[in-house]
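just coords:
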DNA sequence: CCCGGTTATAAACAGCTGTTTCAAACGTAG
DNA sequence: CTACGTTTGAAACAGCTGTTTATAACCGGG
């Protein structure tokens, strides 16, 4: 099947180029020439560049959401009725995130794509991801809510995004950071090593004491 | 002075457009038309689009580094010889970051630009920022080192980047996150409110227990 | 006044962008 | 083998990109 071959060759090439340079900075001609595929093939198989971008994400996120749902099913079954400890929830998410791209190119590409989806404007992408994969995230946050009943809803919301920021920022800028770290400490860090370092930090962040309440006199400040 | 007027009008317009859409997605024609300035003015006053981008950053980072150096001078003077507590260091940095853009457009733009500098490829930008403003960051990290003698160097390095990720990610994606938070909790968050929430999380992250050492059997994993 | 350097303007430049077109090659079912 | 739907191929499309050019307007000092 030469067709499938073309499609996957485009996806394989596109995902690493997107991850390296961003979406706008990667032209279809760069992709197709590096993939040894005709320029028109992208529009023929995907319809447009936008759809290509979404297809690249779908190839990661489809198996991820499927596995994550299964993992959460399993977790809920093993804690029948009771609430799942926060650390187990975080552990499960981390494990699932690691599993999916392990079979494919690399975690680095996956994380960099996630980072781009956030930081790069690309309104259509954020909408697509929210509509297509928002439900898993909703399910996860609900479980986190049950695991941290002492946190006010707003506080938990922000803290989840704080740690999300840490993870995406770190793993998506991994190459640059790794270069600096290697230059400063001569020590090469693997992704697993980084996750090991991340765990206590994330847990501590979620369990940090509540902030001082806003002094009423200042609550209208800029 | 019509010249200064043109230059600042370009910078004012460029910084918000860059922050909104990214660098590659913002054309010179979009900038100049919205700034009511001739297209050639950018190349005349700045030389190239790259230099325009750097100039946008310089207008934030020049006063920031100056103030931050002064604030650190003051901090060192008040702790003559002794080490400065971590919380004071973080507090000082936060205050300086808040001060600079307060006089100008907004913190949001500043943070979004910082986020772009990291996430957007734009190799020239990272190099420029590193060469031009790396020294303040080096000075700051050295003070953090003295304030956290119990942390191994590598661990401190990574934790600093973890919290940097939290802050940049949160504040640069603030608009989107604020929309979600408002929809979910009806509660409008100000930047100062967010900083208040960030503080205990950042402190807890820096003071989290050390990670379990790598099991030797697994240390060669992916 | 008028000159000389600085700034503004409009037009054109070559190059790259995503997309479309249409003809050729392909592979398979009748 | 023939016919047909699918996939490839090369070329062209209009539009936008950053940059350059040449000309005009400005404006303070001699």
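Alright, I've got the coordinates. Computed from a prediction, not measured in an experiment: that's the story for all the values here. Numbers count the residues shown, from 1 in each chain, chains lettered A, B, ... in the order given.

Low-confidence stretches in chain A?
Applying pLDDT under 70 to chain A picks out residues A:1-4, A:103-105, A:121-122, A:216-222.

And the strands in chain A?
With DSSP state E as the criterion, chain A has no strands.

How about the backbone phi and psi for residue A:210?
Listed backbone geometry of residue A:210 is phi -70, psi 150, with angles given as degrees, to the nearest 10.

what about the residue nearest to it when sequence neighbours are not counted, distance to DNA strand C?
For residue A:210, the nearest residue in space outside its immediate sequence neighbours is residue A:155; the separation is 6.6 Å by Cβ to Cβ, 6 or more residues apart in numbering or on different chains. Any C-beta I mention is one placed from the backbone N, CA and C, and that applies to glycine too. Residue A:155 sits 42 Å away from DNA strand C when distances are taken as Cβ to the nearest atom of the strand, to the nearest Å.

now do residue A:39
Between residue A:39 and DNA strand C the distance is 5 Å, computed by Cβ to the nearest atom of the strand.

for residue A:61, same thing?
Computed with Cβ to the nearest atom of the strand, the distance linking residue A:61 and DNA strand C is 21 Å.

hang on, isn't that residue packed against residue A:132?
Yes: using Cβ atoms under 8 Å as the test, residue A:61 is close enough to residue A:132 to be in contact (7.2 Å).

out of those two, which sits in the more crowded spot?
It is residue A:61, of residue A:61 and residue A:132, that has more neighbours when counted by other Cβ atoms under 10 Å in any protein chain shown, with 22 against 15.

what's the distance between the more buried one and residue A:48?
Relative to residue A:48, residue A:61 is positioned 19 Å away (Cβ to Cβ, to the nearest Å).

can you check residue A:171 too?
Taking Cβ to Cβ as the measure, residue A:171 and residue A:48 are separated by 29 Å.

quick one, which of those two is more surrounded?
More crowded of residue A:171 and residue A:48, by other Cβ under 10 Å: residue A:171, with 22 against 11.

for the longest helix seen in chain A, packing partners?
Among the elements of type helix in chain A, defined by DSSP state H, the one spanning the most residues is helix A:49-78. Using 3 or more Cβ pairs under 8 Å, 6 or more residues apart in numbering or on different chains; DSSP states H and E as the contact criterion, the neighbours of helix A:49-78 among helices and strands are helix A:2-21, helix A:40-46, helix A:86-102, helix A:107-119, helix A:123-147.

One more pass at 6 Å, please.
Using 3 or more Cβ pairs under 6 Å, 6 or more residues apart in numbering or on different chains; DSSP states H and E as the contact criterion, the secondary-structure elements in contact with helix A:49-78 are helix A:2-21, helix A:40-46, helix A:86-102, helix A:123-147.
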